[in-house]
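S.K.: all I have is the shape, not the residue letters:
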């Protein structure tokens, strides 16, 4: 067995999904400093191909599975392919074509996506997208000879969205304040929500803010909005604050807050009310598994009931702080109906909200994420 296959087998044998695979790989490579950049790249490619195709090709030997993945993903990995053929020269005769795509045994999908389309979208890594904060961004990229795609030419209504090749060193061409790394679907969802924001004065609560991508977007497009950004994770709120400082933007109010704890929310927010609540709820992440196929590999259908319970609780707990006539944007990065339409329907049935709109923002054809957005009115 050659060293490349040994490393991939060692990684797969010890990985337990407690950390993202990207983090685990970095730690693995630190333990093996003699591996060169070409080796590390091939090991990473092989590992991710395993997670993308293992459920589709059960029982396949590792070299055969990864070789099939190479053939069907479109990944160009000459060194990895050469090492696989060194391990088993008969691999070309063992290629499975077409790869069977299971459409049963999966959770129900949201409107606008099929099981087959979604499964095939997981074959290969998605693209990298930035939100240009300066009109000079594309000219700067041209001067540096960096290939890019103006995605707003393909999907009108998403201005400033630029796609670049994965691994592009943007720091060589652009200033930090020129751009924000933000997926196409995330940008599309926010442009969609801009149409539901009233004129100033507007008080908005980003209640699952994470690293602040959506709040940053709002500060750029609607600097007049009074924003409160909260999250249960204090460390990620530090990241949010640093990002606002990097882009020379006025900081929102920032609070560490557990959205599942109504008493803590009452203690922190008191009698405050908001015109708009943005709830980007924790979910399975199935709309982003194209980036993290290890989550697809370890996913268990039964976990959706846990996510749904948590999503409904967080959204419901914000309602006492939403003024009458105010709007709640319920957002997930999931493709599953149980986390999307079902939760929106429950918010209508249990709490008397009015469904204004709901939409699946399907990024699969853009090689991007997929998000669900529902707007409800109190």
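M.R.: That came through fine. As the structure is a computational prediction, the values presented were derived from the model and not from experiment. Numbering: from 1, shown residues only.

S.K.: going forward, measure contacts between C-alpha atoms and count neighbours the same way
M.R.: Fine.

S.K.: for the stretch 151-300 of the chain, which segments are assigned as helices?
M.R.: All helices of the stretch 151-300 of the chain, identified by DSSP state H, counting those that start in this stretch, fall at 184-194, 213-221, 234-246, 262-269, 293-298.

S.K.: out of those helices, which comes closest to residue 304?
M.R.: For the helices of the stretch 151-300 of the chain, proximity to residue 304 was assessed by C-alpha to C-alpha; helix 293-298 is nearest, at 13.0 Å.

S.K.: got the buried residues for that closest one?
M.R.: Residues of helix 293-298 classed as buried by neighbour count (16 or more other C-alpha atoms under 10 Å): 293-297.

S.K.: equivalent analysis for stretch 351-370, please.
M.R.: Buried residues in stretch 351-370, defined by neighbour count with 16+ other C-alpha under 10 Å: 353-355, 358-364, 366-370.

S.K.: over to stretch 164-173?
M.R.: Within stretch 164-173, the residues that count as buried by 16+ other C-alpha under 10 Å are 164, 170, 173.

S.K.: over to stretch 216-229?
M.R.: Residues of stretch 216-229 classed as buried under the neighbour-count rule (16+ other C-alpha under 10 Å) are 216-219, 222, 225-229.

S.K.: let me see the contact set for the closest residue to residue 109 other than its chain neighbours.
M.R.: In space, and not counting its chain neighbours, residue 109 is closest to residue 336: 4.5 Å by C-alpha to C-alpha, 6 or more residues apart in numbering. Listed by C-alpha atoms under 8 Å, 6 or more residues apart in numbering, the contact set of residue 336 reads 107-110, 286.

S.K.: which PyMOL command selects the buried ones in those residues?
M.R.: To isolate the buried members of the contacts of residue 336 in PyMOL, using 16+ other C-alpha under 10 Å:
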select buried, resi 107+109+110+286
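
S.K.: what domains does the record give for the protein?
M.R.: Domain segmentation of the chain under automatic domain parsing yields 3-100, 128-181, 184-377.

S.K.: quick one: mean pLDDT over the shortest one.
M.R.: Going back to what we said before, that points to domain 128-181. Domain 128-181 shows a mean pLDDT of 90.

S.K.: stretch 26-43 too?
M.R.: Throughout stretch 26-43, pLDDT has a mean value of 96.

S.K.: all strands of this protein, in order?
M.R.: Secondary structure of the chain, counting by DSSP state E: strands at 128-132, 148-150, 161-164, 179-181, 203-206, 226-231, 253-256, 274-280, 322-332, 354-361, 371-377.

S.K.: now those as CSV including distance to residue 121?
M.R.: Shown next, in CSV, are the strands of the chain (distance: least, C-alpha to C-alpha, whole Å):
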stretch, distance to residue 121
strand 128-132, 15
strand 148-150, 20
strand 161-164, 17
strand 179-181, 21
strand 203-206, 30
strand 226-231, 30
strand 253-256, 36
strand 274-280, 23
strand 322-332, 18
strand 354-361, 14
strand 371-377, 14
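
S.K.: returning to what we had before: so which of the helices of the stretch 151-300 of the chain is nearest residue 29?
M.R.: helix 293-298 (18.2 Å).

S.K.: just the residues contacting the closest one, thanks.
M.R.: By C-alpha under 8 Å, 6+ apart, helix 293-298 touches 17, 20-21, 48, 51-52, 54-55, 122, 286, 289.

S.K.: I figured residue 46 hits residue 80, correct?
M.R.: Yes: counting by C-alpha atoms under 8 Å, residue 46 does reach residue 80; the two are 7.3 Å apart.

S.K.: for PyMOL, write a command that selects the buried ones of the contacts of helix 293-298.
M.R.: Entered in PyMOL, the line below selects the buried ones among the contacts of helix 293-298, by 16+ other C-alpha under 10 Å:
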select buried, resi 21+48+51+52+54+122+286+289
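
S.K.: still on that earlier bit, got JSON lines for the buried residues of stretch 164-173, with distance to residue 242 too?
M.R.: Compiled in JSON lines, the buried residues of stretch 164-173 are given as follows (distance: C-alpha to C-alpha, whole Å):
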{"residue": "164", "distance to residue 242": "24"}
{"residue": "170", "distance to residue 242": "19"}
{"residue": "173", "distance to residue 242": "22"}
